[in-house]
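1. Predicted model and sequence follow; I will ask about them next.
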Amino acid sequence: MELHVLSLVLYTVMLISISFLTLNPILLLSILICELGMFLYFKKRRIILVTIKVFLPLIIITILINMFFSSAGVVVLFRLFNKYVTLESLIYSVLFAVKLLIIIYAFYIMEMLIDSDSALTFILSKMPKTGLIFMVCLKLIPTMKNKLKDLKDIYLIRGVEFESKSRFERIKAQIPLMMVLIEESLESSFDIAESSYVRGFLSGRRSIFNKKKFKLVDYAISILSLVAFILVLLLRKIIDYNAYEDYRLSLNLETLIITFMIFLLTAVINYYYKENRYAD
Amino acid sequence: MQIKISNLNYYYPNSNRKALDNINLNIDDGEFVLVVGYSGSGKSTLAKCITGAIPNFYGGKIGGQVFLDGEDVFKLNQKNRSSLVTMVFQDPEKQILMNKVYREIAFGLENIALDEGTIKKRIWESLEFCGITDLYDRDISTLSGGQKQKVAIASALSFMPKCIILDEPTSQLDPISADEVLNIVRKINRELMINVIVIEQRVSRWFDHIDRLVVMNDGKIEFSGKKEEAYLSNLNAIEDLIPSRLKLAKKIGIIEYPKDSRSIKIGLKNIEFKKITREEKKESNMLEVKDVKVKYESKTAVKGVSFNLKKGEVAALIGANGAGKSTLLKAIMGLLDYKGTIILEGEKIDRLKVKERAKYIGYLSQNPNDYITKDTVYEELLFTLNNFNIQDKSIIDEILKKLDLYKHKDKNPRDLSGGEKQRLALANTLILKPKLLLLDEPTRGIDVNIKSEISKIIRDLSRDGVSILLITHDMEFATDCADKFMLMFDGEIVDIGDSRVLEDCIFYTTEINKLTREFISGVFTFNQFLNALEGNR
């Protein structure tokens, strides 16, 4: 049984919003565990490996920068180049890096769970004209990406220096490429719109193929996601964590309830998506 | 469906030029119609009038009427019109909207509000009819150009329309995919009796299968009739556009339209030909490619290729899509890393960067619009010269005159015609006076006039000592201007030499050669046939 696009969007938006709203290690860790669990469950280990490869150096840099620029905190770990490196700044930078990773993973999950065609069909059924704009954008972005690569080759041959030392020159070098890209994307948008018009788009009421019903489980996921988000918003003062004020973490019922809700929602989504075909 | 067009006139918005000039045309129920004409002759505009996109989508001034089975197309509502007549466009990339094949087909059917059961039935049936059920839930991005065009046709067919219009459906495809598309279109017309209107620049592939030929020129219909009538007609426009085998048949005096090649062959038996002499280039080597291997996207696309190109020699690189032709050209230009050695005029260039190589090697990509960024033709060439710090600007006028673009010097390049844009793109590569020119499918999607212009320019450049290596699927064009032919399959050059390598080819030769090779060697184009005939006179 497939879940509705809207409930999946609400779930991923809830993960992203909570990550933005709090630095609570329990909440962040539980989201991270849920995300990693999902990747493993859907046999997407590659995503974990790729992001670790890219993210590990980023985490180390974030930690180093934070440690050297912020000496706040009371528990001194060591002294380096006349700077005190504190436990609080270390905890803060690790949590901040994890937060970034969680948000990136959430977008991967969104891409994994939501079929773009289903999402588009849903938007088209509610807002056809906005749907068309989405459709043109979704269509043009990958095409333009490939086109940019070809254009770069052509303009390299025409003598354009893309790797000049001056940043101004590097930006200037991109102008002819952008000119061609803009003209081409405008023409392509027109062609796409014409093709849609000829196929009867915006001619009146549309039917929907493979229409997904908003089932009980979708209501449950949507309501739970919204409640989890609202709880974090309302209980920020209780659940929030500030490493610089007190690095010790105090457990409270509110945090545990939200954690439970995140785990429950993830388990339900995984359960309903187990028949899905995602694999490496 | 009967299509009746009467006194149709049309002006595009903000234009004073008549795009269609008093068009009168009747198309019978189930007819297969081929509309031909040079670029800008009004072929696509006429098609857009039949679909109703003109004037409803484009605007502009329109006069006259188009009737589909007696109903005025301009008065029909969009939903009914879409169910009656639909269109497949030139570039599949610009008409496919969804990510999955079945979703793409469903999109159109959802627009005309069919119920879910009917949509499902139509999706499967149209896929079955086009022989692509295996593509049902494939990601569109993983499909080849030919497969995408088949999906676009299946999508049009799923409407169960009474007429399908195809605007240059094979111009972006390789010959194999083009033949597959032709077979589907023919099946749609013959089995379902759906009217098919094909707009094309190259007619030979379609000619045998059509019922009616319509020739357009400057917004007017110059000819409309059965293909047999077209064969008998002496109109210049038709003589230019009909397939070369028919030109040959007319030349040897076959009066009736030849239904197959056998009757032409019988006619050729009694003709004595002048022997064609081949001139061998005795110049020194301009390019030496030694054991070049190129990896592209984790696959070895070029597997140890070696060949030479003499000064002023024109070589055509021929082969199926994915054979490694473009990869090889990019490696010579230095755009891709490679193993092996490339020598230009006796000097190894393996260590030269792209910009350094560009001083000696010109490279022309498929789309001339990629070369347009400035406001005038002159500035466009100046841009390239400035990038190379060349102070002598007199070369700009020289090149513009050579390519007959001088009169457009101050014109906006976007306002040039298709052929002029192609020449401007070429001017951009010739401005650096290259010794070697690499052309990647220079005739893709262009009409016969522009093609012959390019062919002439190539021959002129060759006479000036420029060596040219070109990729093309157009065998007539290749045999018209090349001295050397290289057949490339699966990353390897399997045959190389003068036109004799094509004489025993099953696929990669021209229809004229297939007809004449039994009687005379070295005849590939109609002009070459005429030259060989001169001995007979």
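-> In hand now; what should we look at?
2. center of the chain - which residue?
-> If you meant another chain, say so; for now it's chain A. Nearest to the mean C-alpha position of chain A, by C-alpha atoms, centre = their mean, lies residue A:107 at 2.6 Å.
3. other chain: chain B
-> With distances taken as C-alpha atoms, centre = their mean, residue B:445 lies nearest the centre of chain B, 3.3 Å away.
4. That residue is in contact with residue B:170, isn't it?
-> No: counting by C-beta atoms under 8 Å, residue B:445 stays clear of residue B:170, with 9.9 Å between them. For every residue, glycine as well, the C-beta is placed using N, CA and C.
5. on that earlier part again, against which helices or strands is the helix or strand harbouring the residue nearest to the centre of chain A packed?
-> Following DSSP states H and E, one finds residue A:107 within helix A:87-113. The elements that helix A:87-113 packs onto, with contact taken as 3 or more C-beta pairs under 8 Å, 6 or more residues apart in numbering or on different chains; DSSP states H and E, are helix A:5-21, helix A:25-41, helix A:45-69, strand A:76-80.
6. Return the most buried member of those.
-> Looking across those with neighbours counted as mean count of other C-beta atoms under 10 Å in any protein chain shown, the highest average goes to helix A:5-21: a mean of 20.
7. Quick check, residue B:254 in contact with residue B:263.
-> Yes: A contact is recorded between residue B:254 and residue B:263 when judged using C-beta under 8 Å, the distance being 6.5 Å.
8. who's more crowded, the two?
-> Between residue B:254 and residue B:263, counted using other C-beta atoms under 10 Å in any protein chain shown, residue B:254 has the larger neighbour count: 17 against 14.
9. Tell me the spacing between residue B:192 and chain A.
-> The span separating residue B:192 from chain A equals 19 Å under the rule C-beta to the nearest C-beta, to the nearest Å.
10. Quick check: phi and psi on that residue?
-> The phi and psi torsions at residue B:192 (degrees, to the nearest 10) take the values phi -100, psi 0.
11. got a list of what it touches?
-> Applying C-beta atoms under 8 Å, 6 or more residues apart in numbering or on different chains, one finds that residue B:192 lies in contact with no residue.
12. What does the pLDDT read for it?
-> Residue B:192 carries a pLDDT value of 96.
13. Around the residue nearest to residue A:62 when sequence neighbours are not counted, how many other residues sit close by?
-> Closest residue to residue A:62 in three dimensions, ignoring its sequence neighbours and counting by C-beta to C-beta, 6 or more residues apart in numbering or on different chains: residue A:97, at 4.7 Å. Burial measure for residue A:97: 19 neighbouring residues, criterion other C-beta under 10 Å.
14. quick revisit: quick check: mean pLDDT of the helix holding residue A:107?
-> For helix A:87-113, the mean per-residue pLDDT is 87.
15. which SS class is residue B:249?
-> helix (DSSP: H, G, I helix; E, B strand; the rest coil).
16. Count the residues that sit near the closest residue to chain A within chain B.
-> Nearest to chain A, among the residues of chain B, is residue B:387, at 2.9 Å (C-beta to the nearest C-beta). Applying the criterion other C-beta under 10 Å, we find 20 residues in the vicinity of residue B:387.
17. quick one: it and residue A:160, what's the gap?
-> 6 Å (C-beta to C-beta, to the nearest Å).
18. where does residue 126 land on pLDDT?
-> Because you didn't say which chain, this covers chain A. With respect to pLDDT, residue A:126 has a value of 83.
19. Chain B, not that one
-> Among the per-residue scores, residue B:126 holds a pLDDT of 97.
20. what about it, distance to residue B:185?
-> If you go by C-beta to C-beta, the gap between residue B:126 and residue B:185 works out to 13 Å.
21. Spit out the contact partners of residue 243.
-> Assuming you mean chain A. Residues counted as contacts of residue A:243 (C-beta under 8 Å, 6+ apart) are A:23, A:73, A:88-89, A:91-92, A:95.
22. ah, I was thinking of chain B
-> Per C-beta under 8 Å, 6+ apart, neighbours of residue B:243: B:203-204, B:207, B:511.
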